[in-house]
Every structure is written in C-alpha cells, then in structure tokens.
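Undergrad: curious how this folds, go ahead:
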Amino acid sequence: MSEVKVKWIKLSATMFEDEKIRLIESMPEADTLLIIWFKMLAQAGKTNASGYIFLNENIPYTEDMLATLFNRPLNTVRMALSTFQKFGMICIDENHYINVTNWGKHQSLDRLEKMKDDTRKRVAAHRERKKQEVLNCNVTCNDVVTDIDKDLDKDLDKDIKKEYSSGKSQDNAQSIPYQEIVDYLNMKTKTNYKHTSKKTQDLIKARWKEGFGLTHFQQVIDIKASQWIDNTEMSGYLRPITLFGTKFESYLNEKPAQRKGTFKGGPTNASNQKDSSFIDKYDFKKR
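TA: Next comes the predicted model:
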C-alpha cells in the first residue's frame, strides 16, 4: 500500500457496455452486485496496493469483513465475490488476498507515476533557478522565496493533470532487479518464491517508485529474517507480500534482533512479543 493517498479512481464511460457488466445486470440483485463492485474498486483505490484489497499486509479481508464494510448481506457478498471471480474481474490467491484484475492497466498507474516524477523534477529545477535569482538580489527576499514555493506546489498537480490528459508521457523503462531481490529473499529464508509472480513484482515496483533500491530490499530481508526466521509463529510471514508492503520503510528502520533466550521456538525480543500478541489477537491459525 503506497503512502500516497488516492482520492479518485478511473471509471470508463463505456463500462456499462462491457459484456461482464451486462451479464451481471441480468442476474438477481443486479443493482446490489454492481454497488458491491463499485465499492470494491473504491476500496482498491483506498488500499492503493496495485489493485489488492486487504485490511493490512498480514490480514486479508474475509467475506464477513466485506459484508460489514459494504453494509450488504453476507450471502449477497458471497454471491458477488463468486461472480466477479468467475468472470475474471478479481483474483483471490491461496492466502485469500483479493486483487482487482488489470487494475494498473485500467488506472494507468505507470503513466501517472512517471508523469508525477517528471513533473516533480521539472518543478524542482524551476524552483531552484527562481531561488537562485532571488538570492542573488541584494534585498531581503525570504517572503518571495516562500511565495515561489507555494505557487510551484500548486502548479504541480495542474501540470500532472494537463500532461495526463494530453497523453504525452511514456512508460518508465527503468530496470528493476526483481530476480536479484527475490533470489536474495529465498537464499536468506530458504524459500522458493518466484520473481516472475505478478503480485511480487507489483509490490517491488511500488517500493522502487518510492525511491528504495536493491540494498534497501536486502536490508529489510536481513532485519526481518533476524527477527522472525527462528520463530515458528512468524517465520511464515517472511514472504514478499509482508516484507515488501507498505510497512517496508518501517521495517527498514528497525534493528536486527538480538538473539537472547527463546520464545515459542525462536529468540525473545520486543518485536517478536508484539507480533505474537498480534497473531493471538486475530487467531491466524484458524484462518
């Protein structure tokens, strides 16, 4: 889940001409199913994790949770999820995480991220030039510099919207070392995750766009492996969806575990105790 908040999502003007939507409209409780679909799209935008919908990286939404969130009967939510999955509108993986199919494509996330990045760089360069011009004056101009910053910040969103509408941006061709990152995780945790997994690549790409690099991924893997690998309760969370999710920066700033004593099959430390209490609270074994 990205730290950037999403305030809107894209909906196609021709969506009601889509065959899947038309089929849903012919079903019992069609209006309710469509409302649930729109709520799921909004939730995916709110979660902002490449189309995934979850409470957090460790807790996927259950049918009961969604029924509560969407304020709809449980049986109707079950029918909606079954229908959306059958029509290929969502995917539900083996860990019960829900993903809206082709979310990035329909929301043009790659183009938007590149436009934001390009515009920020251009605005930053322009801001620096203006500051230098003002600082070269032989007058007190702190207020002028502040006004320039405010004006340029306001222009940032305007430039993004303008470029996005004109379609002038191109895809970011920056190479991301998916295989090297996942191979390092497998080596440190004795696992066999595939670097070609779309879910894993989406998570790595999201963190990469936030400015993190290969060494940051390796540091997070090292830190969490030191804390969890010998803990029978937590070792199962040494996986991409947990390590590379929205808590990535928080994990990066943690300290490696000090291996002292034992705790349910692993070393005792504050992080393990906190994680164990979290697991006991939500009773993951029954999920």
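Undergrad: show me where this structure has its helices.
TA: With DSSP state H as the criterion, the chain has helices at 19-25, 30-47, 63-70, 74-86, 103-107, 109-135, 142-166, 178-189, 198-209, 214-228, 240-243, 248-252, 270-282.
Undergrad: which of those helices comes out lowest on mean pLDDT?
TA: Among those, helix 270-282 carries the lowest mean pLDDT, a mean of 49.
Undergrad: measure stretch 208-220 end to end?
TA: With CA to CA, to the nearest Å as the measure, stretch 208-220 spans 13 Å from end to end.
Undergrad: got the domain boundaries for this protein?
TA: 15-106, 109-166, 178-280 (automatic domain parsing).
Undergrad: can you put those in a markdown table and add distance to residue 9?
TA: The C-beta positions use only the backbone N, C-alpha and C, and glycine is treated the same way. Formatted as a markdown table, the domains of the chain follow (distance: least, CB to CB, whole Å):
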| stretch | distance to residue 9 |
| --- | --- |
| domain 15-106 | 4 |
| domain 109-166 | 11 |
| domain 178-280 | 16 |
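Undergrad: make TSV from those and add mean neighbour count to it.
TA: Output for those, formatted as TSV (neighbours: other CB atoms under 10 Å):
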stretch	mean neighbour count
domain 15-106	16
domain 109-166	13
domain 178-280	17
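Undergrad: which one of those domains lies nearest to residue 7?
TA: domain 15-106 (8.4 Å; CB to CB).
Undergrad: if I look at residue 178, how far off is residue 219?
TA: For residue 178, the distance to residue 219 equals 17 Å [CB to CB, to the nearest Å].
Undergrad: just residue 89 next, same as before
TA: From residue 89 over to residue 219 (counting by CB to CB), the distance is 37 Å.
Undergrad: for residue 199, same thing?
TA: When distance is defined by CB to CB, residue 199 is 22 Å away from residue 219.
Undergrad: go on, residue 191?
TA: According to CB to CB, residue 191 and residue 219 sit 18 Å apart.
Undergrad: repeat for residue 37
TA: Going from residue 37 to residue 219 by CB to CB gives 40 Å.
Undergrad: check residue 229 too.
TA: Distance of residue 229 to residue 219, computed by CB to CB: 15 Å.
Undergrad: can you pull the contacts of residue 84?
TA: With contact taken as CB atoms under 8 Å, 6 or more residues apart in numbering, residue 84 is in contact with 37, 40, 90.
Undergrad: same deal with residue 97?
TA: Counting by CB under 8 Å, 6+ apart, residue 97 has contacts 52, 53, 54, 60, 199, 241.
Undergrad: any idea what the nearest residue to the second one once chain neighbours are set aside is bridged to?
TA: Spatial nearest neighbour of residue 53, excluding adjacent residues (CB to CB, 6 or more residues apart in numbering): residue 98 at 4.5 Å. With DSSP bridges applied, the residues forming beta bridges to residue 98 are residue 53, residue 92.
Undergrad: what sits against residue 98?
TA: Residue 98 makes contact with 40, 52, 53, 54, 60, 61, 81, 90, 91, 92, according to CB under 8 Å, 6+ apart.
Undergrad: same thing with residue 218?
TA: Residue 218 neighbours (CB under 8 Å, 6+ apart): 181, 184.
Undergrad: for residue 129, see how far away it is.
TA: Using CB to CB, residue 218 is found at 37 Å from residue 129.
Undergrad: equivalent analysis for residue 97, please.
TA: For residue 97, the distance to residue 129 equals 46 Å [CB to CB].
Undergrad: so who does the closest residue to residue 20 other than its chain neighbours touch?
TA: For residue 20, ignoring the flanking residues on the chain, the nearest one in space by CB to CB, 6+ apart is residue 87 at 4.6 Å. By CB under 8 Å, 6+ apart, the contact set of residue 87 is 20, 23, 24.
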